[in-house]
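S.K.: Only the shape, not the letters, is given here:
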């Protein structure tokens, strides 16, 4: 342990390769104090076993993160009363209301439809200039937005309205606090109006088959339903869009990986798991608050203190993975934590896997000669909580 307080994100964050600070901390320190952008001092754990413990142990709370005076990671405070901000038994109750909609067998039935969406977006890519088209804008972002809008029952035509609000809600620029608060207000008002319209339709006997209609028939209050639906909308597309972009960029950085998958398409499911491990979605970590004094990572975390669990660092821990900084598309077993652990394991894990597998499969088949139009190391990263490349210009080959 070190007595120094590090600022997080680190000064060399938001670049294609992880900061060397992560590897140094895994080797030199078990737990360290870090200062978030919002000025909160919390503990940071970086090793696989410690991260998994913080994510899964009920002594570390998500509900406490939204309480008054709780430490804050970014500009906005997470919404209370949603799956990511409740603990069992309330979390168990809420998850039970929607778990059926995300059950493996039910979600698997959407695979062919997702593949058709990917094919249509591949047509859009093919219609662009062959020497340079932004894969993130044309393919990676529209796909998960279409999927979650359709499943949830949010009009796809409204995507331009809520895209900017969603991006601002993840901001890590403290100077944007006023804009972030306005964006959160707009998102809540938008979803509130949509929920009210859905419930009015339910009362008049007009029912459709989307998830929001199903939720309207549950015991959720209006405010709970708005927060729930908003969380699903945001989480349902932001991570997948970043992952598709990051996966393709990683494979094209050393094109032998892309060529291997072109030749071995049956390897795609395992490759997706490895790419989830290898790439990262955050320059910080998932925050929990200790409910009691707990010893973890060589320190005693006192009740009320925040602990940040870095999934990206854990997934590069040599204690858990052989040659963790090497991309091994056939790696097995692969117990990565990209989808979380414990009660908050990603509800939409199977849907995300389908999107990522089908997106990659279609791109490999349709564009075997795909190349990065610029070195991926030179591309800008989005400075937001769920981070990733801001663009991915590619030549279709």
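M.R.: Great, that's in hand. These figures come from a predicted structure and were not determined experimentally.

S.K.: Residue 21 against residue 9, yeah?
M.R.: No: Residue 21 is beyond contact range of residue 9, at 10.0 Å (criterion: C-beta atoms under 8 Å). Yep, even glycine has a C-beta here, placed from its N, CA and C like the rest.

S.K.: Tell me which of those two has more neighbours.
M.R.: Set residue 21 next to residue 9 and count neighbours by other C-beta atoms under 10 Å: residue 9 wins out with 22 against 18.

S.K.: what residue is smack in the middle of this structure?
M.R.: The chain has residue 239 as the residue nearest its centroid, 3.4 Å off, counting by C-alpha atoms, centre = their mean.

S.K.: tell me which element that residue falls in.
M.R.: Assessed by DSSP states H and E, residue 239 sits inside helix 222-253.

S.K.: show me what contacts the residue nearest to the centre of the chain?
M.R.: Residues near residue 239 by C-beta atoms under 8 Å, 6 or more residues apart in numbering: 281, 352, 386.

S.K.: One more: residue 251?
M.R.: 257-258, 261, 275.

S.K.: from those residues, which two are the most distant?
M.R.: By the measure C-beta to C-beta, 258 and 275 form the most distant pair in the contacts of residue 251, at 11.7 Å.

S.K.: now the helices for the stretch 251-397 of the chain?
M.R.: 255-263, 268-278, 311-314, 349-366 (DSSP state H, counting those that start in this stretch).

S.K.: right, and those - which one's nearest residue 225?
M.R.: The nearest among the helices of the stretch 251-397 of the chain, by C-beta to C-beta, is helix 349-366 at 20.2 Å.

S.K.: want to try TSV for the helices of the stretch 251-397 of the chain, with mean pLDDT and distance to residue 124 as columns?
M.R.: As requested, these are arranged in TSV below (pLDDT from 0 to 100; distance: least, C-beta to C-beta, whole Å):
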stretch	mean pLDDT	distance to residue 124
helix 255-263	98	20
helix 268-278	98	21
helix 311-314	98	31
helix 349-366	97	11
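
S.K.: quick one, which of those is packed in tightest?
M.R.: Counting by mean count of other C-beta atoms under 10 Å, helix 311-314 has the highest mean neighbour count of these, with a mean of 25.

S.K.: The one helix or strand in the chain whose mean pLDDT sits lowest packs against which elements?
M.R.: None of the helices or strands of the chain scores lower by mean pLDDT, DSSP states H and E than helix 159-169, at a mean of 82. Using 3 or more C-beta pairs under 8 Å, 6 or more residues apart in numbering; DSSP states H and E, the elements in contact with helix 159-169 are helix 142-152, helix 177-203, helix 222-253.

S.K.: Which of these sits closest to residue 170?
M.R.: helix 222-253 (7.0 Å).

S.K.: between the closest one and helix 255-263, how big is the angle?
M.R.: Computed with axes from the mean of the first three to the mean of the last three C-alpha atoms, to 10 degrees, the direction of helix 222-253 lies at 110 degrees from that of helix 255-263.

S.K.: Quick check, residue 38 in contact with residue 74.
M.R.: Yes: here residue 38 reaches residue 74: they are 6.7 Å apart, a contact under C-beta under 8 Å.

S.K.: neighbour count winner among these two?
M.R.: Neighbour count, other C-beta under 10 Å: between residue 38 and residue 74, residue 74 has more, with 22 against 15.

S.K.: which SS class is the more buried one?
M.R.: Secondary structure assignment for residue 74 (DSSP: H, G, I helix; E, B strand; the rest coil): coil.

S.K.: what's the spacing between it and residue 217?
M.R.: In this view, residue 74 and residue 217 are 34 Å apart by C-beta to C-beta, to the nearest Å.

S.K.: Same question for residue 291.
M.R.: On the measure of C-beta to C-beta, residue 291 and residue 217 end up 34 Å apart.

S.K.: quick one: which of the two has more around it?
M.R.: residue 291 (16 against 12).

S.K.: who's in contact with the closest residue to residue 345 other than its chain neighbours?
M.R.: Nearest non-adjacent residue to residue 345, counting by C-beta to C-beta, 6 or more residues apart in numbering: residue 339, 6.1 Å away. Residues near residue 339 by C-beta under 8 Å, 6+ apart: 276, 345-346, 349, 352.

S.K.: can I get those residues in TSV with distance to residue 133?
M.R.: TSV is the format used below for those (distance: C-beta to C-beta, whole Å):
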residue	distance to residue 133
276	25
345	35
346	30
349	30
352	24
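
S.K.: Greatest separation within those residues: which pair is it?
M.R.: 276 and 345 (13.2 Å).

S.K.: surely residue 379 meets residue 373?
M.R.: No: counting by C-beta under 8 Å, residue 373 is not a contact partner of residue 379; they are 9.8 Å apart.

S.K.: Overlap in contacts, those two.
M.R.: By C-beta under 8 Å, 6+ apart, residue 379 and residue 373 have these common neighbours: residue 393.

S.K.: all strands for the stretch 1-150 of the chain, in order.
M.R.: Along the stretch 1-150 of the chain, the stretches classed as strands by DSSP state E, counting those that start in this stretch are 5-7, 31-35, 41-45, 60-61, 133-134.

S.K.: about what we covered before: can you say which of the helices and strands packed on helix 159-169 is nearest to residue 298?
M.R.: Nearest of the helices and strands packed on helix 159-169 (C-beta to C-beta): helix 222-253, 30.9 Å.

S.K.: Please point out which parts of that closest one sit buried.
M.R.: 224-253 (16 or more other C-beta atoms under 10 Å).
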